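Undergrad: how does the following fold in three dimensions:
(4 chains)
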There are 2 protein chains.
Amino acid sequence: MQQMEQIVSSLREEGFRITPQRMAIVDYLLKTEDHPSAELIHKVIRKRYPMVSLSTVYKTLDLLKDKKLVNEMDVDGEARFDAHTDEHINLVCMNCGKIEDIDEESLREIQVKAARKSKYLILKSSFELSGYCSDCKSKFQA
Amino acid sequence: MQQMEQIVSSLREEGFRITPQRMAIVDYLLKTEDHPSAELIHKVIRKRYPMVSLSTVYKTLDLLKDKKLVNEMDVDGEARFDAHTDEHINLVCMNCGKIEDIDEESLREIQVKAARKSKYLILKSSFELSGYCSDCKSKFQA
DNA sequence: ATTTAATTAGGAATAGTTCCTAATAATGAA
DNA sequence: TTCATTATTAGGAACTATTCCTAATTAAAT
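TA: Model prediction:
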């Protein structure tokens, strides 16, 4: 909720229009703890704005990615989105598909080390661990 | 070259057949430093075995993934493959698409920490940094 | 209220991947 | 070696997430 106004005004300043579609998508992404796919976002948004199109969802997500307001990650060939853009580890459950975030300050150091070793100019990072969440884990051990 | 025989015998032990197609794909993946896509693998293999099909490439890659003999990663919605399965960071150039590996022993610690915090059973990890490689970097700074 | 240019809805097109099936060939047995 | 069995393959059709296209709409400046 808090970041909403910042995002709106930063878009407006750059000359982008504030449409109900964009508001709805940003609002949903800020409020959810999930890491929804474009399709899920579309489904959810549609409940309030029935005529919003999937292509608009994709376009808005592209815009938000450009502005570094959301991160994109890949799970089984499907893009998933996250408005929590601080450095963190994504834990992906290979059974139920749930994604959990974990803060980890040592990621930054690793990034610096890697940049130094490789001479890359690093712009984006993605740290992902996959396995079974605590719920699904017990099913497999039973 | 060295691992070839191990892979062949481990597949044979489990009852899988050793076909020229599988040999060619494994051979190529072991020899290259690249992180080729399925399509590139197909193109390369075809030079020697002109009738090998793309679907066989995909199936073989699935098999090798299952056996943990190759890792899969995603670059712009395209799967890329790597027979170098030790823990490492992938550096992806956002301009030319090149991928470089960097060894980093601290990754293991992070993994252990994350597993402890989250109670996940971790089976797979992927650490990816994207940006510009040293070649492309200079083009953008000019 | 009017203008105008960004944005949208909707669907068609694309591309990577998976699926399907008859034909082929690797392997073990005789 | 020859034969029988059955995994594997080639080829292409089907699928699916995403991108592209265009006329209609609408946010925002005047």
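Undergrad: which positions in chain A make contact with DNA strand D?
TA: A:12, A:17-20, A:37-39, A:54-55, A:58, A:62, A:77-79 (CB under 7 Å from any atom of the strand). (C-beta placed from N, C-alpha, C; glycine too.)
Undergrad: in the residues you listed, find the pair that's most separated.
TA: Spatial extent of these (CB to CB) is set by the pair A:Arg12 and A:Gly77 at 34.9 Å.
Undergrad: so which of the residues of chain A next to DNA strand D are in strands?
TA: The strands, defined by DSSP state E, take in A:Glu78, A:Ala79 from the residues of chain A next to DNA strand D.
Undergrad: from the residues of chain A next to DNA strand D, pick the one nearest A:Tyr132.
TA: Closest to A:Tyr132, out of all of the residues of chain A next to DNA strand D and judged by CB to CB, is A:Glu78, at 19.0 Å.
Undergrad: that closest one and A:Glu39: what is the separation?
TA: Per CB to CB, to the nearest Å, A:Glu78 is found 8 Å from A:Glu39.
Undergrad: so where's chain A shaky on pLDDT?
TA: The model of chain A has pLDDT under 70 over residues A:1-2, A:140-142.
Undergrad: confirm that A:Leu107 sits in a strand.
TA: No - using DSSP: H, G, I helix; E, B strand; the rest coil, the secondary structure at A:Leu107 is helix, not a strand.
Undergrad: wait, it sits on A:Ile122?
TA: No - the criterion here is CB atoms under 8 Å, and A:Leu107 misses it with A:Ile122 at 11.7 Å.
Undergrad: direction included, what does the helix or strand where A:Asp74 lies pair up with?
TA: Using DSSP states H and E, A:Asp74 falls within strand A:71-75. With DSSP bridges as the criterion, the sheet partners recorded for strand A:71-75 are strand A:78-82 (antiparallel).
Undergrad: near chain B at all, the helix or strand that the partner strand is followed by?
TA: Counting by DSSP H and E, the next helix or strand C-terminal to strand A:78-82 is strand A:88-93. Yes - under the criterion of CB under 8 Å from any CB of the partner chain, chain B is reached by strand A:88-93 at A:Ile89, A:Leu91, A:Cys93.
Undergrad: Three-state assignment for the closest residue to the second one other than its chain neighbours, please.
TA: It stands for A:Leu91. Once flanking residues are discounted, A:Leu91 sits nearest to A:Glu100: 4.5 Å by CB to CB, 6 or more residues apart in numbering or on different chains. Following three-state DSSP, the label given to A:Glu100 is strand.
Undergrad: tell me how many other residues surround A:Glu100.
TA: Burial of A:Glu100 is recorded as 20 neighbouring residues (other CB atoms under 10 Å in any protein chain shown).
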